[in-house]
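Peer 1: coords please:
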Amino acid sequence: MSRYNITLITGDGIGPDLTCSAKTILETINDNSNTKFTIDEVFAGDNAVRKFGKALPDSTVDKIRKSDACLKGPVGESAADVIIVLRRLFDLYANVRPAKSFPNITTSSNNIDLVTVRENTEDLYLGWEFYADENTVISLRLTSERASRRIAEYAFQMSILRNHKRKVVAVHKANVMRKGDGLFARTCKSVAEKYPSIEYSELYVDACAMKLIRNPEEFDVILTTNLFGDILSDEAAQLVGGLGMGPAANIGDDFALFKPVHGAAFDIAGRNIANPSSILLSTKMMLEWLAYKNNDKDALKQGKRIEDSIVGLLKENKKTKDIGGELSTQEFTNLVKYYLY
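Peer 2: Model prediction:
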């Protein structure tokens, strides 16, 4: 029997709706398997600003440090003060975003099964900006060999673990950003030489964006930089049903945080219509990560149950409104719970 301490950031907007769904599923697994959880709900985001005066209170960070993993609901206007700070604090250098075709969801292809592996600690997202004068802003972009190498290593290991098409494509714009993206491309190519069994290629980011629309089923692992990865992974999510179907992981060597790819969607907050698939699939990713980290076969099995339950519902055309159905957040959650065991 394994017990994991999970910090649950409830978030803003639809965050509480989604994290309630995830908590329901974790509690169901806790009650029906050998994988047990202690769930500690914490504040971060706009609600935390109002309550504590800062988006990421010290008490929240302390609890996250003591936990085995963190599951995060979407937050609002203070998102950068939460997720970017947590990525830096815990050195969560790999942003992992799967995109997969599901039954009865309209897509350009029924055979999409790819993952974007995005460098998570550098690039323009460091926020290094300053005014040259009142009408001109200069933004600095950081690219290092160290960060490029470790994200490339992660991407190739991901392709091996997936054992799907065993293909990695490095995406950059080295024809324009010759030094920064040139360094990234050279580093990826040098790492690829260590993995002769993995097919390696490169694409410029604009060509990759087009190819994702035209032939998404050809991709396996997309390896790229922070900004490009953010954009391409959202594009990939739209191909498989929208951001409501998009899970994400922020992974470091010793800790990981899991979250939906979408935002707080204040316009539908509290209306019980948000699609919880994104956070439930993120929960599945969390269980997979805990399983591999701790050699826990039961946790791996429970994670698979979550995805199998969602697939089973979609096969029966039981869906939330954003993907063409009529189910509410709670109704969909209850059906996933029912399908689990």
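Peer 1: Pull the contacting residues for the residue positioned nearest the centre of the chain.
Peer 2: Central residue of the chain (C-alpha atoms, centre = their mean): residue 248, 1.0 Å from the mean position. Residues in contact with residue 248 (C-beta atoms under 8 Å, 6 or more residues apart in numbering) are 95, 96, 97, 233, 258, 259, 260, 261, 282, 285. To be clear about C-beta, it is placed using only N, CA and C from the backbone, and glycine gets the same treatment.
Peer 1: Scan the residues you listed and report the most crowded one.
Peer 2: Greatest neighbour count in these, by other C-beta atoms under 10 Å, goes to residue 260: 31 neighbours.
Peer 1: That one touches residue 278, doesn't it?
Peer 2: Yes: judged on C-beta atoms under 8 Å, residue 260 makes contact with residue 278 at a distance of 3.5 Å.
Peer 1: Mind listing the shared neighbours of these two?
Peer 2: Listed as contacting both residue 260 and residue 278 by C-beta under 8 Å, 6+ apart are 18, 243, 244, 246, 247.
Peer 1: So which of the contacts of residue 248 belong to helices?
Peer 2: Secondary structure defined by DSSP state H assigns 233, 282, 285 of the contacts of residue 248 to helices.
Peer 1: Now for the first one: which residues touch it?
Peer 2: By C-beta under 8 Å, 6+ apart, the contact set of residue 233 is 95, 97, 99, 116, 118, 222, 246, 248, 261.
Peer 1: Name the nearest of these relative to residue 339.
Peer 2: residue 246 (20.9 Å; C-beta to C-beta).
Peer 1: who's in contact with the closest one?
Peer 2: Per C-beta under 8 Å, 6+ apart, neighbours of residue 246: 97, 99, 233, 234, 237, 240, 260, 261, 262, 278, 281.
Peer 1: what about residue 286, how many neighbours?
Peer 2: Number of residues near residue 286 (other C-beta under 10 Å) recorded here: 27.
Peer 1: in terms of contact, does it touch residue 259 like I think?
Peer 2: No: counting by C-beta under 8 Å, residue 286 does not reach residue 259; the two are 9.7 Å apart.
Peer 1: So for those two, which residues contact both of them?
Peer 2: Common neighbours of residue 286 and residue 259, using C-beta under 8 Å, 6+ apart, are residue 71.
Peer 1: residues making contact with stretch 301-319?
Peer 2: Against stretch 301-319 from outside (C-beta under 8 Å, 6+ apart): 25, 29, 33, 35, 102-105, 277, 280-281, 283-288, 291, 325-327, 332, 335-336, 339-341.
Peer 1: Are any of those buried, and if so which?
Peer 2: 25, 29, 33, 35, 102, 104-105, 277, 280-281, 283-288, 291, 325, 327, 332, 335-336, 339-340 (16 or more other C-beta atoms under 10 Å).
Peer 1: from what I can see residue 22 touches residue 284, true?
Peer 2: No: using C-beta under 8 Å, residue 22 is not in contact with residue 284, being 10.1 Å away.
Peer 1: From residue 59, how far off is residue 52?
Peer 2: Residue 52 sits 8 Å away from residue 59, going by C-beta to C-beta, to the nearest Å.
Peer 1: Neighbour count: the two, which is higher?
Peer 2: Just comparing residue 52 and residue 59: by other C-beta under 10 Å the higher neighbour count belongs to residue 52, 15 against 12.
Peer 1: And the more buried one, how close does it get to residue 205?
Peer 2: Residue 52 sits 39 Å away from residue 205 when distances are taken as C-beta to C-beta.
Peer 1: Equivalent analysis for residue 257, please.
Peer 2: 26 Å.
Peer 1: which intervals of the stretch 151-300 of the chain have sub-threshold pLDDT?
Peer 2: Across the stretch 151-300 of the chain, nothing is flagged by pLDDT under 70.
Peer 1: Let me see the ranges of the strands in the stretch 201-341 of the chain.
Peer 2: In the stretch 201-341 of the chain, the strands defined using DSSP state E, counting those that start in this stretch lie at 221-224, 247-251, 256-260.
Peer 1: ok, residues contacting the shortest one?
Peer 2: With contact meaning C-beta under 8 Å, 6+ apart, strand 221-224 is reached by 114-119, 151-152, 155-156, 158-159, 162, 167-172, 188, 205, 208, 229, 232-233, 236.
Peer 1: quick one: that strand to chain centroid distance?
Peer 2: In terms of C-alpha atoms, centre = their mean, to the nearest Å, the centre of strand 221-224 is found 14 Å from the chain centre.
Peer 1: Direction included, what does that strand pair against?
Peer 2: Its sheet considered, strand 221-224 pairs with strand 113-119 (parallel), strand 167-172 (parallel) by DSSP bridges.
Peer 1: Scan the shared contacts of residue 260 and residue 278 and report the most crowded one.
Peer 2: Counting by other C-beta under 10 Å, top hit in the shared contacts of residue 260 and residue 278: residue 18 with 32 neighbours.
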